[in-house]
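K.L.:
Show me the folded form of this:
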Amino acid sequence: MTDIPGLSTDPVLALAAGLIARPSLTPEDGGCIGLLAERLAPLGFRLARFDSGGVRNLWARRGDASPVICLAGHVDVVPSGPESAWRSPPFAPEIRDGHLYGRGAADMKTSLAAFIVAIETFIAAHPDHAGSIAVLLTSDEEGAAVDGTAKVVEALRARGERLDYCIVGEPTCEARFGDTIKNGRRGSLSAVMKVRGQQGHVAYPDRARNPIHTLAPALAELIATDWDDGDEFFPPTSCQVSNIHAGTGANNVIPGECEVLFNFRFAPVSSAEELKIRCEAIFRRHKLDHEIDWQLSGKPFRTGRGPLLAALTAAIRAATGVEPALSTRGGTSDGRFIAEICDEVAEFGPINATIHKVDECVAVESLPALADIYRRVLNQLLAGEPA
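P.N.:
Sure, this is the predicted structure:
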């Protein structure tokens, strides 16, 4: 990696390239957590591992007092797809046209590198800072997310530890670096429903009961229902049908069973239990003979306007000249777990246009600014300095 210009002068670029060069497909960490731990230990962080189910998790904390500000993220990445489709190997970081290329460049190894450099810079200026700095890292965010951050939060809760503020380094920006902060995420509630009928010959419908026919009007009502109106930060709750399966493959057989998969992305103004109850009422009205399996993969969370959003907004404005918007768009993140022990959780990171794509990349010029933003937030919340 020594052939990449700028490594000797830009510490964020150097560390980001080092992380990209370590393949870390979920749930492997590729040595990334060890590399980051080596940078944190000399700074006075107490390191604890909460590995589970083949997943590597690190909890690091410097200080014992409040407020506690946590920088959280994941080292794991999604598969690269065919390497032949990449202009350069996905795990061989390369700079082209002012961008750093490689799997994880945007999601989210540059954020992790910026975390470390921001912490090092802040501690050098404030070795006796107030409060505590914490870092939470996992290798299980892109996968099932069962043995990752959720396990660390479970362990911290058992020890009675709470956080005051947390920044998750997810790539949040849309068109311009600095334009978006995620101050919450919708909940995700999925269902697999089986509707029972009676199999028979299509020429004798009186001797059968078609579950597709009984399901169709119930499904139409499900889709047409207004679940809520959302709120200041969240759009209305939505329901989407993703799969319908039925039949034997023959066109002259009425199926005996139909399976449908659907998902709610819901705002905090609705709860998972309320959605389940309203769904069941619809299915009863349509007299469906059914069974349903619900899976709640994430509760909604929302951070209102307070010290964290104020500090992050001011830091972005000072470092970039951009006024960030607040957004709750997108899927779930590990913020949903952290919010269980932290009142103020926000996400901020680089532009997300290439995440999970071939030739994932991040603008090199944004890397020092990203570390500067994180440093400015630490300055404001732990040293009382303006952005």
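
K.L.:
pLDDT below threshold where in the stretch 251-387 of the chain?
P.N.:
Counting by pLDDT under 70, the stretch 251-387 of the chain shows no low-confidence range.

K.L.:
Apply 90 and report the result again.
P.N.:
Within the stretch 251-387 of the chain, the segments meeting pLDDT under 90 span 297-298, 305, 329-332, 386-387.

K.L.:
Quick one: the helices in it, in order.
P.N.:
In order along the chain, the stretch 251-387 of the chain carries the following helices (DSSP state H, counting those that start in this stretch): 272-285, 307-320, 335-338, 366-383.

K.L.:
cool, and the stretch 1-150 of the chain?
P.N.:
Counting by DSSP H, counting those that start in this stretch, the stretch 1-150 of the chain has these helices, from start to end: 11-20, 32-40, 110-125, 149-158.

K.L.:
As JSON lines, these with mean neighbour count, mean pLDDT and distance to residue 387 would be great.
P.N.:
All C-beta atoms are positioned from the backbone trio N, CA, C, and that covers glycine. Written out in JSON lines, the entries for the helices of the stretch 1-150 of the chain read as follows (neighbours: other Cβ atoms under 10 Å; pLDDT from 0 to 100; distance: least, Cβ to Cβ, whole Å):
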{"stretch": "helix 11-20", "mean neighbour count": "24", "mean pLDDT": "97", "distance to residue 387": "19"}
{"stretch": "helix 32-40", "mean neighbour count": "19", "mean pLDDT": "98", "distance to residue 387": "25"}
{"stretch": "helix 110-125", "mean neighbour count": "23", "mean pLDDT": "98", "distance to residue 387": "13"}
{"stretch": "helix 149-158", "mean neighbour count": "19", "mean pLDDT": "97", "distance to residue 387": "28"}
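
K.L.:
a markdown table for the ones you listed, including distance to residue 358?
P.N.:
Written out in a markdown table, the entries for the helices of the stretch 1-150 of the chain read as follows (distance: least, Cβ to Cβ, whole Å):
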| stretch | distance to residue 358 |
| --- | --- |
| helix 11-20 | 15 |
| helix 32-40 | 22 |
| helix 110-125 | 18 |
| helix 149-158 | 27 |
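
K.L.:
can you tell which of those is closest to residue 252?
P.N.:
Ranking these by proximity to residue 252 (Cβ to Cβ) places helix 149-158 first, at 48.7 Å.

K.L.:
what's the domain layout of the protein?
P.N.:
By the record's domain assignment, the chain is partitioned as 11-185+300-383, 187-297 (automatic domain parsing).

K.L.:
Mean neighbour count, these: which tops it?
P.N.:
Relative to the other members of those, domain 11-185+300-383 carries the highest mean neighbour count by mean count of other Cβ atoms under 10 Å, namely a mean of 20.

K.L.:
Pull up the distance across that one, start to finish.
P.N.:
Using Cα to Cα, to the nearest Å, the span of domain 11-185+300-383 from its first residue to its last is 23 Å.

K.L.:
next one: stretch 129-141
P.N.:
With Cα to Cα as the measure, the ends of stretch 129-141 fall 31 Å from one another.

K.L.:
Quick one: closest of the helices of the stretch 251-387 of the chain to residue 344.
P.N.:
Judging these by Cβ to Cβ, what sits closest to residue 344 is helix 307-320, at 4.0 Å.

K.L.:
Make a markdown table out of the helices of the stretch 251-387 of the chain and add distance to residue 85.
P.N.:
Output for the helices of the stretch 251-387 of the chain, formatted as a markdown table (distance: least, Cβ to Cβ, whole Å):
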| stretch | distance to residue 85 |
| --- | --- |
| helix 272-285 | 39 |
| helix 307-320 | 32 |
| helix 335-338 | 31 |
| helix 366-383 | 25 |
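
K.L.:
wait, which of those is closest to residue 114?
P.N.:
The closest of these to residue 114 is helix 366-383. By Cβ to Cβ, the value is 4.0 Å.
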